[in-house]
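Undergrad: Pasting the sequence and the predicted coordinates here, then a few questions.
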Amino acid sequence: MPILFIVQAVAPIQQEGSSSAWWLAPVAVLGLIMFARYLVNPALQFMSRYGGREIMTGVALLIVLGSAELMHLAGLSAGMGAFMAGMMLANSSFRHQLEADLEPFKGLSLGLFFISIGMTLNLNLVLEQPFTLLLGTLGLMVLKTAIVAGLVRTVGIPLNRGLSLGLMLGQGGEFAFVIVAQALASGAVTSETGALVNLVVGLSMAATSPAVNYLEKRFALKEQQKETPSSYFDHTQPEVLILGFGRFGQVTGRILAANHIAFTALDKDAEHIEFVKKFGNLVYFGDAQRHELLNAAGVQHARVVVIAIDDPSAAIHIAKFVRAHYKNTTVVARAHNRTDYIRLKAAGAQVVIREMFPAGLQAAEATLNALGFSDSQAMNTVATFKTHDESILAEQFRAQGSQKEMLEISLRGREQLEEIFRKDQTDDHRPQ
């Protein structure tokens, strides 16, 4: 945005139809900031409640077009308005949902963008001014590489790795094409200068990969090491993804937050999200069943995925997707009952928690205490039941698919449990 401001400021002419009133530009920028702060989330929340995915996508595109037009009318560039709209949407609770919905538009627009850039390149300049292009390309890459290598060296990264990283970032970015187009439209640069800059940026992009490969071979930067789970994940992203942030998921989220462990949470109840955010939690809107939304939320970086949603079928679908595509990720799932437990285990969830089972055990222990059992007697009785029940559940999981066998296991387990308690009911164990 500062670069766009600078381009607009040094332009010798005003764009046709733009206003010359100096106060319109700051008022327009301030208006967009206030709109982002107070109106974007309520508007998207309203659309999520009464409209479908297509309506939300349309509203997002309307915000972008409206911001671009407002900036244009205020005498600034439409590109700046589009960037500000992107910032507004990226900081809303609906960012992951919108990112997934806009992904098809992103691919199409990006393709058209590069096609249009390629059609404007003046390749005749390669023959007419080869030394200017060569010096410009080398100068750009050397300067950016030196800056990046110097910065990372200050935090202790070895020089050879800093040079490799610098070369990876040494190319001109796609944003340079946007700046050049804006500068040409506003008259800040001539067409010949714009064509030279576009070619320098394009050549730097083409030269980056060969330069990095050469540097890696020259300094033997590639270290052959076995990939471990700890090195598999990108630690710049939250390592826990909580799907469903109701009463069940919030417990995990609060404990993680108390231990300063970053996480991303998804929930499809817009009103619930706004309520939870008041208490400082970072929660985004979205349907966790959509694979593209999980990818947008960073499931590829997650070490643990907590499936805490209410819908058992959706939970099973998500568990299967995560286990199929991210085998190093641990799946912790919420189950409503024994059947859900077995199905989630079959779907690949490593840890399945029956939501009512721990509370039921606590209630049973309190009931035994009220009936006269000592604390140790009640605790041992409940622990015996818990161990036995889990073993029976494991047998039923292995026998899934055969209803008859599962029923036999259940009946046999009940008899075994009665026998266990019958043996334990000595005079010492009975409540006084």
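TA: That came in fine, so what should we check first?

Undergrad: Show me where the stretch 151-300 of the chain dips below the pLDDT cut-off.
TA: The model of the stretch 151-300 of the chain has pLDDT under 70 over residues 219-237, 270-272, 274-282.

Undergrad: now the strands for it?
TA: 240-243, 263-267, 283-285 (DSSP state E, counting those that start in this stretch).

Undergrad: how about these in a markdown table, adding mean neighbour count and distance to residue 82?
TA: C-beta: built from backbone N, CA, C; applies to glycine. Listed next are the strands of the stretch 151-300 of the chain as a markdown table, based on neighbours: other Cβ atoms under 10 Å; distance: least, Cβ to Cβ, whole Å:
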| stretch | mean neighbour count | distance to residue 82 |
| --- | --- | --- |
| strand 240-243 | 25 | 30 |
| strand 263-267 | 24 | 26 |
| strand 283-285 | 23 | 22 |
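
Undergrad: Residue 105 - that's part of a strand, no?
TA: No: Residue 105 is assigned helix when assessed by DSSP: H, G, I helix; E, B strand; the rest coil, not a strand.

Undergrad: Contacts for the helix or strand harbouring residue 143, please.
TA: Here residue 143 sits within helix 130-153, counting by DSSP states H and E. With Cβ atoms under 8 Å, 6 or more residues apart in numbering as the contact definition, helix 130-153 has outside contacts at 125-126, 159, 161-163, 165-167, 169-172, 196-197, 199-201, 203-204, 207-208, 211.

Undergrad: Just the buried ones among these, please.
TA: Among these, those buried by neighbour count (16 or more other Cβ atoms under 10 Å) are 125, 162-163, 165-167, 170-172, 196-197, 199-201, 203-204, 207-208, 211.

Undergrad: Just the ones of those in helices?
TA: Of the buried ones among the contacts of helix 130-153, the ones assigned to helices by DSSP state H are 125, 162-163, 165-167, 196-197, 199-201, 203-204, 207-208, 211.

Undergrad: just curious, which of those is nearest to residue 396?
TA: residue 165 (53.2 Å; Cβ to Cβ).

Undergrad: Name all residues that make contact with that closest one.
TA: Residue 165 makes contacts with 148, 149, 152, 157, as judged by Cβ under 8 Å, 6+ apart.

Undergrad: Could you report the neighbour count for the third one?
TA: For residue 152, the tally of surrounding residues (other Cβ atoms under 10 Å) stands at 18.

Undergrad: follow-up on the earlier one: mind checking which of the strands of the stretch 151-300 of the chain is nearest residue 57?
TA: Comparing these by their distance to residue 57 (Cβ to Cβ), the top pick is strand 283-285, with 13.3 Å.

Undergrad: Each with direction, which strands does the closest one pair with?
TA: strand 263-267 (parallel) (DSSP bridges).

Undergrad: Can I get the partner strand in PDB? Just the C-alpha atoms.
TA: Extracted in PDB, the C-alpha atoms of strand 263-267 (Å, rounded to 0.1, in the frame of the first residue of the first chain):
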ATOM      1  CA  PHE A 263      -4.400 -23.200  17.500                       C
ATOM      2  CA  THR A 264      -6.900 -22.600  14.800                       C
ATOM      3  CA  ALA A 265     -10.600 -23.300  15.400                       C
ATOM      4  CA  LEU A 266     -13.400 -23.700  12.800                       C
ATOM      5  CA  ASP A 267     -17.100 -23.600  13.600                       C
END
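
Undergrad: From the rest of the structure, what touches it?
TA: Applying Cβ under 8 Å, 6+ apart, the contact partners of strand 263-267 are 96, 238-246, 249, 253, 256-257, 273, 276, 281-286, 288, 293, 297-298, 302.
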